[in-house]
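[1] A structural model of the following input is requested.
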Amino acid sequence: MATIYDIAKRANVSAMTVSRVINNTGRVSEKTRTKVKKVMEEMHYIPNSVARCLVTQESKILSLLITDITNPFFTTMARGAEDAAMRHGYRLMFGNSDESFAKEKDYVEMILSMRVDGVLFSPSGDRSREHLEWLKRQNVPFVLLDREVPGVECDAVLGDSRIGAQHMVREMIRCGHRRIALVNGSQDVSTARERQAGYADALREAGIEYAEQLVMETSYLGENDSLSLSHWMDLAPGQRPTAIFAANNMLALSVLKAVREMGLRVPEDLSLACFDDFGWVEEANPFFSVASQPSYEFGEKGIQLLLERIKNPDVPSRRIVLPCSVHMRQSVGQLQIVQ
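    Predicted coordinates:
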């Protein structure tokens, strides 16, 4: 592999000049800069990022730590963050915690060892406060995406989960449903708490009693093959839910699978809606009724806040809340008789 000394020899300049061209520091004429860059291309030179970091005190690398890369919401968020980072001359390093505190810890350790310039962080839950405080102690700037952590004052880009859930459940009620079940994520996650609160708000607004037996808590990943709805379907006809609201899209897929395994149809036998859309899949076959968030914008605005925080560590923390939009599609049916 070529070194800066090899580049300097072929370009007939000093190694210091090559270093200045690489790091864009010091005074170098445009003619010399062009000549050095041409030699670097000819010799397929790749700068030593560690050495460059020591010189410039910045790595030009940002990290994005999310909870589920298979979820279209986070995939699109990642694309928004990557596009915005590249526009500003940064590279983005990805990590996926799978909603796991332990796996998240491993990634935080890697982030610290890589000496990245900043982190976009979607926490696995309230316990992530330990990892965020670790980043603070190491003076690593970070911005929270999608979720908050109690007791942590920092920049954040969030969705209006409570209002979005309230509007979605309100639309289901307008379709005649009064017994609406909720399949939710862990109460250790801020968005799960907010969406459950919005669900309760919509019921209260319509004069419908909140029933604990119609609320289920599981993992946001939606990978639970044993998800069973039989305890709801075994209820008496007057108590059985006619619709289910899933707190995210991956849970909605698990619910749909469980419903079909029972020989039921959506929406003919049971209506189904969820929080978050399914990306390009929905463009091909619009089916799920959703409370949709501008996921690409989460990533874009997160990078914007993070770069501002890197440049000025002392600015007050900021909180951006992005609105949700409700899209009623085929998965919610209209009841002919309000039961």
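[2] From here on, just use CA atoms for contacts and neighbour counts.
    Will do.
[3] At which residues are the strands of the stretch 51-200 of the chain located?
    Counting by DSSP state E, counting those that start in this stretch, the segments of the stretch 51-200 of the chain that form strands are 61-66, 91-96, 118-121, 142-145, 155-159, 180-184.
[4] quick one: Arg179 from Gln239, how far?
    Separation of Arg179 from Gln239 (Cα to Cα, to the nearest Å): 7 Å.
[5] Settle it for me: which of those two has more neighbours?
    Using other Cα atoms under 10 Å, the more surrounded residue of Arg179 and Gln239 is Arg179, with 22 against 16.
[6] Quick check: chain neighbours aside, which residue is closest to the more buried one?
    Setting aside the residues directly before and after it, Arg179 is nearest to Pro241 in space (Cα to Cα, 6 or more residues apart in numbering), at 4.7 Å.
[7] show me the residues around the closest residue to Val189 other than its chain neighbours that make contact.
    Leaving aside its sequence neighbours, Val189 sits nearest to Gly125 (Cα to Cα, 6+ apart; 4.6 Å). Gly125 is in contact with Glu99, Phe101, Val149, Asp188, Val189, Ser190, counting by Cα atoms under 8 Å, 6 or more residues apart in numbering.
[8] Surely the fourth one and Arg129 touch.
    Put plainly, it is Asp188. No. In this structure, Asp188 is not within contact of Arg129 by Cα atoms under 8 Å, at 11.7 Å.
[9] Between these two, point out the one with more neighbours.
    Comparing Asp188 with Arg129 by other Cα under 10 Å, the one with more neighbours is Arg129, at 17 against 13.
[10] Spit out the contact partners of the more buried one.
    With contact set as Cα under 8 Å, 6+ apart, Arg129 has these partners: Val149, Pro150, Gly151, Val152.
[11] Report the separation between the closest residue in space to the last one that isn't next to it in sequence and Met114.
    So the one you mean is Val152. Distance criterion Cα to Cα, 6+ apart; nearest residue to Val152, sequence neighbours excluded, is Arg129 at 6.7 Å. The spacing between Arg129 and Met114, counted by Cα to Cα, is 21 Å.
[12] if I look at Thr70, how far off is Leu92?
    Distance of Thr70 to Leu92, computed by Cα to Cα: 18 Å.
[13] Looking at the two, which one has more neighbours?
    Taking other Cα under 10 Å, Thr70 and Leu92 do not tie; Leu92 has more neighbours (21 against 12).
[14] Give the bridge partners for that one, please.
    Here Leu92 sits in beta bridges with Leu62, as judged by DSSP bridges.
[15] Please name the residues that touch it.
    Neighbouring residues of Leu92 by Cα under 8 Å, 6+ apart: Ile61, Leu62, Ser63, Leu64, Ala81, Glu82, Ala85, Met86.
[16] count of neighbours near the last one?
    Here the number of neighbours of Met86 (other Cα under 10 Å) works out to 12.
[17] residues in contact with it?
    Leu92.
[18] ok so, going back, return the member of the contacts of Arg129 nearest to Glu308.
    Nearest to Glu308 among the contacts of Arg129, counting by Cα to Cα, is Val152 at 18.8 Å.
[19] phi, psi of the closest one?
    With angles defined as degrees, to the nearest 10, Val152 sits at phi -110, psi 110.
[20] Might you list the low-confidence residue ranges for this structure?
    Per-residue confidence for the chain (pLDDT under 70) gives these ranges: 48-58, 223-226, 281-285, 336-339.
[21] quick one: Arg129 from Asp160, how far?
    Between Arg129 and Asp160 the distance is 21 Å, computed by Cα to Cα.
[22] ok, now which ones touch the residue minimising distance to the centre of the chain?
    Centroid-nearest residue in the chain: Phe74, 4.1 Å away (criterion: Cα atoms, centre = their mean). Each residue near Phe74 by Cα under 8 Å, 6+ apart is listed here: Ile66, Thr67, Asp68, Ser295.
[23] Compute the number of surrounding residues for Asp234.
    Using other Cα under 10 Å, Asp234 is surrounded by 10 other residues.
[24] Leaving out chain neighbours, which residue sits closest to it?
    Nearest residue to Asp234, sequence neighbours excluded (Cα to Cα, 6+ apart): Arg240, at 7.4 Å.
[25] doesn't that neighbour fall inside a helix?
    No. Counting by DSSP: H, G, I helix; E, B strand; the rest coil, Arg240 falls outside a helix, being coil.
[26] In contact with it: list those residues for me.
    Shown in contact with Arg240 (Cα under 8 Å, 6+ apart): Arg179, Trp232, Met233, Asp234.
[27] so can I have a markdown table of those showing secondary structure and distance to Leu264?
    Below are the contacts of Arg240 laid out as a markdown table (DSSP: H, G, I helix; E, B strand; the rest coil; distance: Cα to Cα, whole Å):
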| residue | secondary structure | distance to Leu264 |
| --- | --- | --- |
| Arg179 | coil | 17 |
| Trp232 | helix | 13 |
| Met233 | helix | 10 |
| Asp234 | coil | 13 |
